[in-house]
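Colleague: Build me a model:
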Amino acid sequence: MSAEIQVNEKFGDLRILLSGVPCQSNRGYLGYCTVVLFKLEGAWTLFDTGHYSDRYLLLEALGNVNLSPDDIRHVVLSHLHFDHILNISLFKNASITLSQAELNYARQVSANQRKDPSIPDFWPILLENRKIHTFEKSMTIGSGIEIVQMPGHTPGSSVMFYKGPFLIAVCGDAIKNSWEALTGKAAICFGNPHQAKESIKNILQTASVIIPGHDRPFMIQKGGLEFLAPFQWEVRGNIFPKEQDGLILSMNIPSGFYSDPRQSMERAKA
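Modeller: Below is the predicted model:
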């Protein structure tokens, strides 16, 4: 099922090609991350790339805007987890931008100095023969576009701040989903939990629009969240004796304001 969301009118030149999915199963995390397309000094650029299982959807989404992988000239990586980087190999003409801290962290994982099962063993191959841009703490990469290191989920996790009609934070997994924004806590943290909490706080204080790594875009509002796109999720399976390619789960949650359910619970307790 295509997860493309048209957000050009609302977000200026940013387009979400693949919308992140905040789900997991008893076999682990699905890893369907948000992939964002934008122009950087006139050249087509992606923020994160997704991984193999959604590769065909990414190619379809690019085709829908009359682009091919060869048209992508830059890729900005929020971090080096498999679900954000495995489709790099599609974009042969693209330079890569990421934080130096994330590159150092991945090298430590490869040297067995740190444990992180989400960093693929072969990540260095994906970066071979590429023009690599790294930065310390922050870097301006274009007019109104800044990449800022926001440690926590990983030590080198980065967020892109984009000045459009609103100040937009394209978060990667510094904020994975709306619940992390509401609670102020990272559900999965390979870095420092205190830093993760501070990063979430800083992002929410800085940006008006949040594009999470594994959820639909939203704005913080009093008492809840204003979602700027719907959530669509469909699961099919071949589970005998159920029907072949049968529908197991179908969700379609409209955009709009949703109150924080914790507030209702607190009122009920009172």
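Colleague: How far off centre is the strand or helix carrying residue 45?
Modeller: Assigned by DSSP states H and E, residue 45 falls within strand 43-47. Relative to its parent chain, strand 43-47 has a centroid offset of 14 Å by Cα atoms, centre = their mean, to the nearest Å.
Colleague: Can you name every helix or strand that it contacts?
Modeller: strand 35-40, strand 72-76 (3 or more Cβ pairs under 8 Å, 6 or more residues apart in numbering; DSSP states H and E). In this view, the C-beta of every residue, glycine as well, is placed from N, C-alpha and C.
Colleague: For residue 219, find the nearest of these.
Modeller: Minimum separation from residue 219 across these (Cβ to Cβ) falls at strand 35-40, 16.7 Å.
Colleague: wait, what's in contact with the closest residue to residue 142 other than its chain neighbours?
Modeller: In space, and not counting its chain neighbours, residue 142 is closest to residue 40: 4.7 Å by Cβ to Cβ, 6 or more residues apart in numbering. Residues in contact with residue 40 (Cβ atoms under 8 Å, 6 or more residues apart in numbering) are 73-74, 141-142, 145.
Colleague: what about the longest helix in the protein?
Modeller: helix 193-206 (DSSP state H).
Colleague: What lies in contact with that one?
Modeller: Contacts for helix 193-206 (Cβ under 8 Å, 6+ apart): 150-153, 157, 159, 161, 167, 169, 171, 174-175, 180-181, 184-186, 189, 210, 220.
Colleague: Just say helix, strand or coil for residue 147.
Modeller: In three-state terms, and counting by DSSP: H, G, I helix; E, B strand; the rest coil, residue 147 is strand.
Colleague: tally of neighbours for it?
Modeller: Residue 147 has 25 neighbours, counted by other Cβ atoms under 10 Å.
Colleague: I'd say it and residue 157 touch.
Modeller: No - applying Cβ atoms under 8 Å as the test, residue 147 and residue 157 come out as separate, 11.0 Å apart.
Colleague: if we can go back for a sec, report the inter-axis angle for the strand holding residue 45 versus strand 72-76.
Modeller: 30 degrees (axes from the mean of the first three to the mean of the last three Cα atoms, to 10 degrees).
Colleague: Strand partners (parallel or antiparallel) of strand 43-47?
Modeller: Strand 43-47 sits in its sheet next to strand 35-40 (antiparallel), strand 72-76 (parallel), going by DSSP bridges.
Colleague: Mind exporting the C-alpha coordinates of the shortest one to PDB?
Modeller: Backbone C-alpha positions of strand 72-76 (Å, rounded to 0.1, in the frame of the first residue of the first chain) are rendered in PDB as follows:
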ATOM      1  CA  ILE A  72      18.900  12.500  -6.500                       C
ATOM      2  CA  ARG A  73      22.100  14.500  -5.900                       C
ATOM      3  CA  HIS A  74      22.300  14.600  -2.100                       C
ATOM      4  CA  VAL A  75      21.200  12.300   0.700                       C
ATOM      5  CA  VAL A  76      21.100  13.600   4.300                       C
END
